[in-house]
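In: build me a structure from this.
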Amino acid sequence: MLARLFCSSRAHSKLLHVLPSSVFVPCAMSRRPISTSPTPGPQGDSERPPKRPRIDYLTPDSFRNGVFLAPMVRSGALPTRLMALKYGATLVWGPEMVDKAILHAEREVDPVTGVISYNGKTRAMFTTHPLEKPYLIYQIGSADPELAVQAAKTVMQDVSGVDLNCGCPKPFSTHAGMGAALLTNPDLLCGILEALRRELPKEISVSAKIRLLSTQEETKKLVERIARTGVNAITVHCRTRNMRPRERALVERLKEIVEFVQGLGLDVAIIQNGDCTGWEDAKRIRDLTGADSVMIATAAESNPSCFSAIPLRDVESTLSPPYVRLCKYLDNHWASTKFCVTQFKGTRSEVSKTDAHELKSRVAKAKAYEDLEDIVGSWTGEEEFKEISRIVEARPPRISVEAEQEEEEDIPPPCATPPDRPNPEPPTSRAPKMGLRMPMPAILTCSDMISPTPTPGGMR
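Out: Sure thing, here's the model as predicted:
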């Protein structure tokens with residue numbers, strides 16, 4: 001039965017999944033009308049000024065109107081981030097990395113796959129790929145401005161932004177004053193962000209991820225201080241430090257915070273995090289809170305295709321097999337792959353509960369990729385990667401709001417004619433194009449109208 005589940009996944013992977021148009025489908029550009037007349041302007045100024053170039057780095061606008069993959073320890077591995085991008089995630093956050101740890105890592109590039117590894121003494125601590133760089137945010141765990149800057153500079157050639165973790169309540173993050181511990185030390189928190197913004201090039205975005213404080217006033221004061229450090233975005237996990245994931249997120253508290261930031265007049269995006277189940281639910285949360293974007297964690301851990309308008313069903317046959325093949329191709333550590341696959345779950349329509357349990361049990365007992373070879377079949381991870389590459393590379397290039405408005409304003413009105421020239425014949429008259437040496441006789445135009453008289457100077 002398991003062999004049938006894995007083998008059938010290849011047919012599923014070839015299906016075209018309908019994704020949010022705001023993520024995948026480039027805006028259809030209208031064709032400019034052709035006109036032989038120059039646009040009105042000063043004498044001798046026939047050339048238009050150069051347009052602003054399209055941007056290849058993140059701005060505050062890049063953090064708006066999106067659905068993001070949250071930073072997750074263990075679950076936020078490279079294969080999961082690539083799958084999330086495939087199914088529509090606008091941006092992806094890597095798992096938190098402590099500043100000191102990455103400083104001692106050795107950067108290595110796989111000549112076959114292109115995977116970039118930051119290796120520790122025994123294995124890679126952080127892996128990425130150039131394909132995800134335009135969408136990748138690297139999250140730092142730090143309690144020291146200088147170390148945070150050093151860590152960011154270590155990886156900045158491979159990422160588009162850095163994010164300061166100010167919300168993780170787990171001891172491994174808070175014991176040294178990092179994570180949620182920064183919420184009670186706003187001077188240090190803002191000092192780290194100011195150092196990052198001051199020392200990093202503008203092409204690298206800086207952001208922070210926090211939690212709600214006990215009261216709205218405390219939260220707004222902290223958010224204002226963070227917003228004034230020059231960050232591009234602030235993610236607010238709508239739970240307090242002491243709340244656990246099983247407790248409902250206090251999403252309704254965010255609306256007041258969003259309106260407060262808007263009133264400051266600062267160009268900072270506010271991202272909601274907490275209890276979002278997918279792309280459709282993200283629209284509801286944005287309508288409820290006014291947040292610029294929404295970040296998904298738990299639902300993405302269970303099904304990375306939740307970013308699609310039509311997420312995968314029967315993940316045991318549609319997601320797990322291609323994910324395992326991709327992981328093997330990218331040389332993802334087996335323990336990481338094993339953990340991620342055992343977290344997958346979702347709506348079932350064709351796979352029975354018994355079959356799903358049997359698959360998870362088989363994966364949990366496996367000690368290496370080879371233990372699944374009899375049910376995975378041929379290892380076609382390279383094909384899985386090429387499909388992801390094709391989808392991600394088809395995304396439209398980023399363009400700033402100013403450049404977009406400039407492009408729209410730059411489109412001239414149809415058939416603009418300088419005021420010192422006579423108005424050309426209307427298109428319906430089948431008149432010849434301006435600039436021809438001789439007018440075309442009516443007999444050639446199949447028109448019974450009288451041929452127009454040439455304008456003065458038309459013949460030489």
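In: the closest residue to Val67 other than its chain neighbours in helix, strand or coil?
Out: Nearest non-adjacent residue to Val67, counting by CB to CB, 6 or more residues apart in numbering: Ala282, 4.8 Å away. The way it works is simple: take the backbone N, C-alpha and C, and place the C-beta from them, glycine included. Under DSSP: H, G, I helix; E, B strand; the rest coil, the three-state class of Ala282 is helix.
In: how close does Ala282 sit to Glu384?
Out: According to CB to CB, to the nearest Å, Ala282 and Glu384 sit 26 Å apart.
In: so for the two, which sits in the more crowded spot?
Out: Remark: of Ala282 and Glu384, Glu384 carries more neighbours, 27 against 23, as counted by other CB atoms under 10 Å.
In: which SS class is that one?
Out: Assignment for Glu384 (three-state DSSP): helix.
In: contacts only, for the residue nearest to it when sequence neighbours are not counted.
Out: Take Glu384 and drop its neighbours on the chain: the residue closest to it by CB to CB, 6+ apart is Leu326, 4.3 Å away. Residues in contact with Leu326 (CB atoms under 8 Å, 6 or more residues apart in numbering) are 79, 82-83, 332, 381, 384-385, 388.
In: residue contacts, the residue nearest to Val67?
Out: 67, 276, 294, 296.
In: and it, how close does it get to Val109?
Out: With distances taken as CB to CB, Ala282 is found 35 Å from Val109.
In: got it, and Arg348?
Out: 40 Å.
In: returning to what we had before: now for the contacts of Ala282: which two are most distant?
Out: Greatest spacing in these, by CB to CB: Val67 and Cys276 (7.9 Å).
In: what sits in contact with each of those two?
Out: Joint contacts of Val67 and Cys276 (CB under 8 Å, 6+ apart) are 282, 294-296.
In: tell me which of the residues you listed is nearest to Pro245?
Out: Closest to Pro245, out of all of these and judged by CB to CB, is Ile296, at 13.2 Å.
In: which ones are touching the closest one?
Out: Neighbour list for Ile296: 67-70, 273, 276-278, 282, 306-307 [criterion: CB under 8 Å, 6+ apart].
In: tabulate these (TSV), appending pLDDT and distance to Pro130.
Out: Shown next, in TSV, are these (pLDDT from 0 to 100; distance: CB to CB, whole Å):
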residue	pLDDT	distance to Pro130
Val67	98	23
Phe68	98	20
Leu69	98	18
Ala70	98	22
Asn273	98	27
Cys276	98	29
Thr277	97	31
Gly278	97	28
Ala282	98	28
Cys306	98	25
Phe307	98	21
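In: restricted to buried residues, select the residues you listed in ChimeraX.
Out: The ChimeraX command for the buried members of the contacts of Ile296 (criterion: 16 or more other CB atoms under 10 Å) is given here:
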select :67,68,69,70,273,276,277,278,282,306,307
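In: where does the chain have low pLDDT?
Out: Counting by pLDDT under 70, the low-confidence segments of the chain come to 1-55, 399-460.
In: picking that back up, quickly find the element holding the residue nearest to Glu384.
Out: helix 320-329 (DSSP states H and E).
In: return the set of buried residues in the very next helix or strand once past that helix.
Out: Downstream of helix 320-329, the first helix or strand assigned by DSSP H and E is helix 334-343. The neighbour-count check on helix 334-343 (16+ other CB under 10 Å) flags 334, 336-338, 340-341, 343 as buried.
In: chain center to helix 334-343: distance?
Out: Relative to its chain's centre, helix 334-343 lies at 24 Å (CA atoms, centre = their mean, to the nearest Å).
In: taking helix 320-329 as reference, get the angle to it.
Out: Put simply, helix 334-343 runs at 170 degrees to helix 320-329, going by axes from the mean of the first three to the mean of the last three CA atoms, to 10 degrees.
In: for helix 334-343, packing partners?
Out: With contacts taken as 3 or more CB pairs under 8 Å, 6 or more residues apart in numbering; DSSP states H and E, helix 334-343 sits against helix 78-86, helix 298-302, helix 320-329, helix 353-365.
In: in helices, which of the contacts of Ala282 appear?
Out: Secondary structure from DSSP state H places none of these in helices.
In: tabulate those in CSV, adding columns for distance to Gly265.
Out: Shown next, in CSV, are the contacts of Ala282 (distance: CB to CB, whole Å):
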residue, distance to Gly265
Val67, 26
Cys276, 28
Val294, 23
Ile296, 29
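In: nearest to Arg123 among these?
Out: Comparing the contacts of Ala282 against Arg123 with CB to CB places Ile296 closest, at 27.6 Å.
In: hey, what's the closest one bridged with?
Out: Ile296 forms beta bridges with Leu69, as assigned by DSSP bridges.
In: separation between it and Asn303?
Out: Using CB to CB, Ile296 is found at 10 Å from Asn303.
In: same deal with Met178?
Out: Distance from Met178 to Asn303, by CB to CB: 30 Å.
In: name the nearest residue to Lys202, sequence neighbours excluded.
Out: Tyr57 (7.6 Å).
In: tell me, how many residues neighbour that neighbour?
Out: Using other CB under 10 Å, Tyr57 has 14 neighbouring residues.
In: so where does it fall, helix or strand?
Out: Using DSSP H and E, Tyr57 maps to neither a helix nor a strand.
In: surely it touches Asn232?
Out: No - under the criterion of CB atoms under 8 Å, Tyr57 makes no contact with Asn232, lying 10.2 Å away.
In: can you check which residues contact both of the two?
Out: Ser205.
In: and Arg64, how far is that from Ala208?
Out: In terms of CB to CB, Arg64 sits 16 Å off from Ala208.
In: which one of those two is surrounded by more residues?
Out: Ala208 (29 against 16).
In: now do the same contact list for that one.
Out: Contact analysis of Ala208 by CB under 8 Å, 6+ apart lists 163-164, 166, 189, 193, 226, 231, 234-235.
In: tell me which of these fall in helices.
Out: Short answer: these in helices (DSSP H) are 189, 193, 226.
In: and which of the residues you listed is nearest to Leu136?
Out: Nearest to Leu136, judged by CB to CB, of the ones in helices among the contacts of Ala208 is Leu193 at 19.2 Å.
In: how many neighbours does the closest one have?
Out: 27.
In: now swap in Lys209 and tell me
Out: Neighbour number of Lys209 under other CB under 10 Å is 25.
In: so it, which state does it fall into?
Out: Following three-state DSSP, Lys209 is assigned to strand.
In: check Ser75 too.
Out: coil.
In: what's it sitting at in phi/psi?
Out: With angles defined as degrees, to the nearest 10, Ser75 sits at phi -80, psi -20.
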